[in-house]
Each structure stands twice: as C-alpha cells, then as structure tokens.
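J.: Provided below for reference: sequence and predicted model.
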Amino acid sequence: MRGKADRTSRIVLTVLGAILLLAGIAGILATTGGYAAGFARRTLLANPGAAWIGDHSGWFWPVATAVVIVLALLSLRWLARVISPEPRTRDISIDGSARTTLGATALRDALTTEIQGYRGVDTALVRVYGDAQAPRLGVRVTLTDDAHVATVRDRVEREALAHARAALDEPDMPVTLDLAVSTHGGPRVE
C-alpha cells in the first residue's frame, strides 16, 4: 500500500513541478517580449481572460472557490497519508496463511538483541510494519563514535538481516536501514 502512495506522490509532484516550470517559462517569455511586440507592456488585467471572468463573475467566483476548497482538502488528505506512519504488524505469516505465524515482537526483540551485540553499536531500534503476508523492517542503528560504519553496516546486512529474511522465508523482504553516530561521548580507544 505504501508503494502505491509513494508512486502516486512522485507522479503528482512531477506533474505539479512540470506545470510550475511551464508557468515560469511563460512568465519569463511574457516579460522579455517573447510573445508579441506589445505584450510585455500590457497590464495584467487588460486581456480577454480577465474580461471574460469579469463578465461571468456571478457564477465564476463561487465555482472557483469550490474548486480551490476541493483541491485543498485533497492536498490535506494526501499530506496526511504521506506523513502518517504505516501500521505495525502483530503476527507475520510464514507460509502465506494464518497457520504458521511469528510474532513481530519476537522478531523485533531478536534482531535488536543481535544488532546491539555487535561491536561499535550503541543502540538499535527495529520496527516491523506492513502486511502480515508482506512485512517490512525499519532498522535504526546508533553507532558509537569510534565505530567503523562500513563494517557495522556490512555485518548488520550479512548477518542480522539475513537471519530475519531466512526466518521468514522472505529473501527479498524490504528493509530500511538507518545508521547514525551517537551524539553522547563515550570512552574512546586510542
């Protein structure tokens, strides 16, 4: 479901960006005389479109207001969908049915314990979300300030995430891995 929302967001933002780019190019062409010789010197309201709106203002402005309100509500709905967190998964289906399941809490705790045992890891936070048949993982690892980032990342990917994928029989399970360095100082090994 989140993939569809991401794809829709990209399409909407691309179309909106293209419209704004074209409007900007049209504005530049209008002010530099790109349309006609006298076009750049005309006032904004001295055009057929403004005259038409003035002639039909009895119904035009209420319709324009309604369209803007609908667009604003759709925009708010889209924004809420983009920024709202995806629901957490409680039980993960191993064989595609409800017969064999693994508790998301057990998977989360096992991964957290394994990752926190790695050298250079200060804390780990694992989140299991998505559908029970197609779970996804969000893993945030905070490293000590003396950790070798590439080594820890490789170990998390090769070991902990490989163990989770094997346990769920999902070799292509999507995982978001965020690495950060701890802001509080600890003992340094020189």
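T.: Great, that's in hand.

J.: CA atoms for contacts and neighbours, from now on please.
T.: Will do.

J.: domains of the protein?
T.: Split into domains by automatic domain parsing, the chain comes to 2-83, 91-181.

J.: need the winner for burial among the ones you listed.
T.: Stretch with highest mean neighbour count among the domains of the chain: domain 91-181 (a mean of 17; mean count of other CA atoms under 10 Å).

J.: I'd like the distance between Val68 and Ile53.
T.: From Val68 across to Ile53, the span is 16 Å (CA to CA, to the nearest Å).

J.: so where do the strands sit in this protein?
T.: Secondary structure of the chain (DSSP state E): strands located at 91-93, 101-103, 121-130, 135-143, 175-181.

J.: picking up where we left off before, okay if I get the domains of the chain as JSON lines plus mean pLDDT?
T.: Putting those into JSON lines (pLDDT from 0 to 100) gives the following:
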{"stretch": "domain 2-83", "mean pLDDT": "84"}
{"stretch": "domain 91-181", "mean pLDDT": "84"}
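
J.: which strand residues bridge Gly103?
T.: Here Gly103 sits in beta bridges with Asp91, going by DSSP bridges.

J.: from Leu13, how far off is it?
T.: According to CA to CA, Gly103 stands 38 Å off from Leu13.

J.: quick one: the helices in the chain?
T.: Assigned by DSSP state H, the helices in the chain fall at 2-31, 48-55, 57-83, 104-116, 149-155, 162-168.

J.: now the second one against helix 57-83, angle please.
T.: Comparing the axes of helix 48-55 and helix 57-83 via axes from the mean of the first three to the mean of the last three CA atoms, to 10 degrees yields an angle of 110 degrees.
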